[in-house]
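K.L.:
Provided below are the primary sequence and the corresponding predicted coordinates.
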Amino acid sequence: IEFRNVYFRYPNTKNYVLNGVNFTIDNRETISIVGRNGAGKTTMIKLLSRLYKPEKGEIRVNGKNINDYDYASYNRLLSVIFQDFKVFEFTIMENIALCDEENGAAESKTMAAAEKAGIYDYISGLKDGAGTYVGTTFDENGTNLSGGQRQKVAIARAVYKDSKMIVLDEPTAALDPVAEAETYEKLNELIDGKTAVYISHRLSSCKFCDRILLLDGGTITEEGTHDELMRRGGLYAKMFQLQADALLSGNPV
Ligand code: ADP
């Protein structure tokens with residue numbers, strides 16, 4: 001994945017959110033993108049997903065401008081879990097397999113994805129298993145999922161899709177610290193040799209990534225491993241220290 005001098009502002013707005021963003025992510029690399037709230041992290045993912053186009057510059061995947069790919073085949077390459085993912089009031093399998101239910105292997109693939117996302121035990125404990133409805137709109141015996149369980153269903157959906165690139169925007173925001181730790185323990189298994197991009201506001205969860213990119217003022221201002229960025233003593237180190245202090249004082253930010 002390569003961002004080449006990417007500029008972007010939202011339609012009918014004056015200020016650029018991305019102001020000449022440059023970076024390259026290698027095949028099978030695990031990258032974390034961090035930055036202050038509103039820095040433009042999600043915006044970069046929206047551009048990578050072709051929801052918007054850069055105003056200047058280009059985004060390339062495998063050396064080809066992403067807009068030159070056929071839209072459907074590009075979509076198959078990329079699996080994104082946005083912060084505002086949707087879990088529908090369909091069955092759990094329909095939510096995870098999304099239009100692939102006719103596939104004879106859909107149920108076993110659904111359960112394998114659920115295992116990686118950490119929700120296998122919950123689903124297999126339900127009377128109708130993966131055939132259980134989410135919510136009670138269509139079936140009074142449907143199950144009500146907690147925020148964390150919904151997030152795991154969304155993660156399982158991305159795992160099921162098995163695309164080459166996986167992007168997780170704040171993947172653990174709705175999880176409590178124990179569930180978050182469990183998810184991160186499983187992440188290596190979950191990404192399984194894919195190119196993975198995580199956006200995370202909890203900097204402690206970036207440590208496991210190959211590289212961290214810090215977005216600030218519309219450009220990538222710091223880039224390196226956790227240890228490199230800590231030694232550098234810049235904004236990343238400052239933000240990390242602030243979060244660590246806040247955690248220790250019992251007021252997490
Ligand atoms: P981050 O993910 O780093 O918190 P975002 O990419 O969500 O930041 O937002 C970057 C900036 O773009 C923010 O100032 C935000 O208010 C603005 N923004 C996001 N979405 C829109 C939109 N649809 N229209 C106009 N401005 C937007």
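P.N.:
On my side now, so go ahead.

K.L.:
So what's the residue count around Glu170?
P.N.:
18 (other Cβ atoms under 10 Å). C-beta: built from backbone N, CA, C; applies to glycine.

K.L.:
quick one: Thr219 and Val17 touch, right?
P.N.:
No: counting by Cβ atoms under 8 Å, Thr219 sits too far from Val17 to count as a contact (11.0 Å).

K.L.:
Show me which residues of the protein are close to the ligand?
P.N.:
Residues of the chain lying close to the ligand by Cβ under 6 Å from any ligand atom are 10, 13, 17, 35, 37-43.

K.L.:
So which of the residues you listed sit within strands?
P.N.:
Among these, no member falls in strands (DSSP state E).

K.L.:
Make TSV from the residues you listed and add pLDDT to it.
P.N.:
Formatted as TSV, the residues of the chain next to the ligand follow (pLDDT from 0 to 100):
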residue	pLDDT
Tyr10	98
Thr13	96
Val17	98
Gly35	93
Asn37	88
Gly38	92
Ala39	95
Gly40	96
Lys41	95
Thr42	94
Thr43	96
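
K.L.:
Of these, just say which sits nearest to Ile199.
P.N.:
Lys41 (4.7 Å; Cβ to Cβ).

K.L.:
right, and the pair among the residues of the chain next to the ligand with maximum separation?
P.N.:
For those, the maximum inter-member distance is 18.7 Å, found between Thr13 and Gly35 (Cβ to Cβ).

K.L.:
Settle it for me: which of these two has more neighbours?
P.N.:
Shown here are Thr13 and Gly35; by other Cβ under 10 Å, Gly35 has more neighbours (23 against 8).

K.L.:
Tell me who's in contact with Gly142.
P.N.:
89, 132-136 (Cβ atoms under 8 Å, 6 or more residues apart in numbering).

K.L.:
Pull out the buried residues from those residues.
P.N.:
Buried by 16 or more other Cβ atoms under 10 Å: 132-134, out of these.

K.L.:
residues of stretch 119-132 that come out buried?
P.N.:
By 16+ other Cβ under 10 Å, the buried positions in stretch 119-132 come out as 119-120, 122-123, 129-130, 132.

K.L.:
Check stretch 216-235 too.
P.N.:
Within stretch 216-235, the residues that qualify as buried are 216, 218-220, 222-224, 226, 229, 235, counting by 16+ other Cβ under 10 Å.

K.L.:
ok, which pair from these is furthest apart?
P.N.:
Gly218 and His226 (23.3 Å).

K.L.:
can you list the contacts of Gly142 in TSV and add secondary structure, pLDDT and distance to Asn188?
P.N.:
Formatted as TSV, these follow (DSSP: H, G, I helix; E, B strand; the rest coil; pLDDT from 0 to 100; distance: Cβ to Cβ, whole Å):
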residue	secondary structure	pLDDT	distance to Asn188
Glu89	coil	95	33
Thr132	coil	97	29
Tyr133	strand	97	32
Val134	strand	97	28
Gly135	coil	95	32
Thr136	coil	94	36
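
K.L.:
Next, name the residue at the spatial heart of the protein.
P.N.:
Leu168 (0.4 Å; Cα atoms, centre = their mean).
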